[in-house]
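> Take this sequence and fold it.
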Amino acid sequence: MEALTNRHRKWANIITEKVEILTRVYVHPNDHDQYFKHPAAGQAHQSITEQGVKGALFSHSAMKAPGPTKLFFGAICLLWEWKKARIVGLAKAAVRMGPHPALWKWACRIAICKHRKDDCMKLMTYRSISPLSCIGKVVEKLVAKLLVEDAERRGQLSDGQYGSRKKLSAINAVAILVDRALAAW
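Predicted coordinates for the structure are as follows:
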């Protein structure tokens, strides 16, 4: 188990030393998508509905960490009651434009000590979380749903794909596995 030691193998005693060590371990460089070319805008935004946005929004826990925008799901759910059309319009605009705003992709990485761990001087007692923008998560969920629906419509998903598909789940995969095992026995 690796200890919280600096490059000279001395114990990290002050918070800035611990931050430097945890950053070195958990934060990886980002190429800022320099090799990715954004496709031309299509018509997917027209498939975004009020019901779809509401489902994506309310499927998240209101207590999730909000990320750098500080706008958490509980607040967005309250706004939903007064400004549904604006939230739906924002989601449609984000899908129509293509790439998310940079702030929605930026994560504030936080290292927290694991629950019920007494020795905070060991690296393994920490875990890293990266809260993202909550409204960005809603739009990502909508886009994921659109992608799955399009892939299913075109017949591009394998019969062995169970995750993220309607009426299919891990239980179905286990049932097929058990059935095949019993047939082979």
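> List the contacts of the nearest residue to residue 66 once chain neighbours are set aside.
Distance criterion C-beta to C-beta, 6 or more residues apart in numbering; nearest residue to residue 66, sequence neighbours excluded, is residue 72 at 3.7 Å. (Each C-beta comes from the backbone N, C-alpha and C, glycine too.) The contact partners of residue 72, by C-beta atoms under 8 Å, 6 or more residues apart in numbering, come to 62, 63, 64, 65, 66, 134.
> Those residues, buried ones only, as a PyMOL selection?
To isolate the buried subset of the contacts of residue 72 in PyMOL, counting by 16 or more other C-beta atoms under 10 Å, use the following:
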select buried, resi 66+134
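> now, which of the contacts of residue 72 lie within helices?
Counting by DSSP state H, these place residue 134 in helices.
> Which positions within the biggest helix by length in the chain qualify as buried?
Looking across the chain with DSSP H, the single longest helix is helix 73-97. Neighbour counts over helix 73-97 (16+ other C-beta under 10 Å) mark 73, 76, 77, 80, 87, 88, 91, 92, 94, 95 as buried.
> so which of those would you say is closest to residue 142?
Among the buried residues of helix 73-97, residue 91 lies closest to residue 142 (C-beta to C-beta), at 5.9 Å.
> is it true that that closest one touches residue 140?
No. Residue 91 sits out of contact with residue 140 when judged by C-beta atoms under 8 Å, with a separation of 10.4 Å.
> residues in contact with the residue most central in space within the chain?
For the chain, the residue nearest the mean C-alpha position is residue 137 (6.3 Å; C-alpha atoms, centre = their mean). Each residue near residue 137 by C-beta under 8 Å, 6+ apart is listed here: residue 60.
> Model confidence for it, exactly?
Residue 137 carries a pLDDT value of 87.
> Look up which helix or strand it falls in, please.
Here residue 137 sits within helix 134-154, counting by DSSP states H and E.
> Name the next helix or strand downstream of that helix, please.
Next helix or strand after helix 134-154 toward the C-terminus (DSSP H and E): helix 170-184.
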